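Engineer: sequence and predicted structure below; questions after.
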Amino acid sequence: MTIYFEDFKAGHTWELGSYTLTEESIIEFARQFDPQYFHTDPLKAKESVFGGLVASGWQTLGIYMKLLVNNLINRTASLGSPGMEEIRFLNPVRPGDTLTLSYTLLEVRPSSSRPNMGIARFKGELFNQRREQVLRVVGTGFFGRKPEE
């Protein structure tokens with residue numbers, strides 16, 4: 001069953017799954033996309049401000065997106081997004097961390113220029129297994145309206 005704009009209620013929160021990082025996945029991602037030593041070299045990373053290997057914020061954001069799409073967006077009448085207002089990397093993500101996504105609707109309103117579309121403003125948060133917040137994003141999504149029956 002498809003979730004439409006009309007099904008969204010401001011204040012509603014979903015828990016949208018978890019993902020566990022390995023040292024290998026952190027290094028592999030970083031070598032390709034963010035080759036800073038504290039993401040790619042476990043020994044040298046011990047000398048960094050982080051005191052050890054940490055995941056790239058971009059990898060953390062990718063995990064957020066994977067959990068969001070697989071556990072919610074693919075069930076909705078999503079029409080994309082104009083972008084994010086805020087992306088905050090709040091705590092380092094380390095090998096073995098399990099990240100869990102919490103997704104809250106902050107505001108929902110019908111589009112004034114496109115009657116077939118609604119606009120949802122949201123806050124997405126990733127927490128590690130200690131319930132420390134590691135990522136916060138605030139943004140906007142567009143969703144299709146329920147077809148008239």
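Structural biologist: Alright, I've got the coordinates. Residues are numbered from 1 along each chain as shown.
Engineer: the most centrally placed residue in the chain: which element?
Structural biologist: For the chain, Tyr64 is the residue whose C-alpha lies nearest the centre (CA atoms, centre = their mean; 2.6 Å). Element membership for Tyr64 (DSSP states H and E) is helix 57-71.
Engineer: next helix or strand past that helix?
Structural biologist: Next element after helix 57-71 (DSSP H and E): strand 83-89.
Engineer: pairing partners for that following strand, with directions?
Structural biologist: strand 133-144 (antiparallel) (DSSP bridges).
Engineer: return the set of buried residues in the helix holding Tyr64.
Structural biologist: Gly57, Gln59, Thr60, Leu61, Ile63, Tyr64, Leu67, Leu68, Asn71 (16 or more other CB atoms under 10 Å). (Each C-beta comes from the backbone N, C-alpha and C, glycine too.)
Engineer: from what I see, the residue nearest to the centre of the chain and Gly139 are in contact.
Structural biologist: No - between Tyr64 and Gly139 there is no contact under CB atoms under 8 Å: 10.8 Å.
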